[in-house]
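Enquirer: Dropping a prediction and its sequence here:
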Amino acid sequence: MKKTLMMSFLVSAAMMMDSTAEGLPTPVLAIVEQATLDQSSAFKDIVKQIEQKRAEIQKELATYETELKAQDKKLAEEQKTLPEKEFNDKRQVFEKRVKEIQEKIEIRRAQLELGVEEAKKKVFEAFLKVADDVMKEVGANIMLYKETVVTADKAFDLTTQVLEKLNQSLPKVQVSFKSEADVKKQLQQQPQ
């Protein structure tokens with residue numbers, strides 16, 4: 001009796017497992033490195049464009065710094081000879097200029113960040129499409145990041161194929177930097 005009961009339990013458990021898995025495909029796994037994005041030609045091109053933009057901004061900032069130092073030095077000298085009201089007026093003009101330059105610096109920083117964000121998004125979208133295509137080509141139905149897998153046979157790693165196809169499909173991405181007016185508007189819309 002006990003044996004019959006145990007057999008019935010095992011048969012019903014097997015039937016339940018079979019019915020819950022019904023309709024689902026057998027998992028066929030593949031893996032790809034997250035670093036594939038960073039290794040892509042498009043991402044390297046983005047980095048190059050950002051470095052060029054950053055150098056332009058550094059040059060601009062150096063000009064502002066020179067301007068402000070000269071004005072500050074002139075104000076310090078004029079403080080000795082000007083009446084207090086006239087000096088305070090000039091000091092306010094100087095402080096207004098400092099504030100304008102700080103705003104420009106913030107806008108430049110935001111231009112960089114927004115440009116990078118949009119360009120990276122394009123690379124990521126292309127990566128997802130290419131990874132999906134490669135996965136289907138090899139007959140896999142689940143793609144995992146290699147970094148989340150403890151261990152796996154190297155045959156499951158599709159990183160090289162994905163990187164090659166990504167470089168073919170998206171060799172470059174043009175980083176677009178929003179205008180000062182657009183960035184300023186966007187910054188003003190953000191909650192403080």
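Expert: Yes, it's here. Not measured: the values here are computed from a predicted model.

Enquirer: Show me what the lengthiest helix in the chain is packed against.
Expert: Longest helix in the chain, counting residues (DSSP state H): helix 84-138. Helix 84-138 sits against strand 29-32, helix 36-39, helix 41-81, strand 142-145, helix 159-169, helix 180-189, with contacts defined as 3 or more C-beta pairs under 8 Å, 6 or more residues apart in numbering; DSSP states H and E. (Each C-beta comes from the backbone N, C-alpha and C, glycine too.)

Enquirer: neighbouring contacts of the first one?
Expert: In this structure, residues lying in contact with strand 29-32 by C-beta atoms under 8 Å, 6 or more residues apart in numbering are 131, 134-135, 138, 140, 142-146, 149, 152, 156-159, 162.

Enquirer: got the CA coordinates for it in CSV?
Expert: Taking Å, rounded to 0.1, in the frame of the first residue of the first chain, the C-alpha atoms of strand 29-32 are listed here in CSV:
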residue,chain,number,x,y,z
LEU,A,29,21.7,29.6,-23.0
ALA,A,30,24.4,31.9,-24.4
ILE,A,31,26.6,34.4,-22.7
VAL,A,32,28.1,37.7,-23.7
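
Enquirer: Run a quick neighbour tally on Leu170.
Expert: Using other C-beta atoms under 10 Å, Leu170 has 20 neighbouring residues.

Enquirer: Surely it touches Ala126?
Expert: Yes: using C-beta atoms under 8 Å, Leu170 makes contact with Ala126 at a distance of 4.2 Å.
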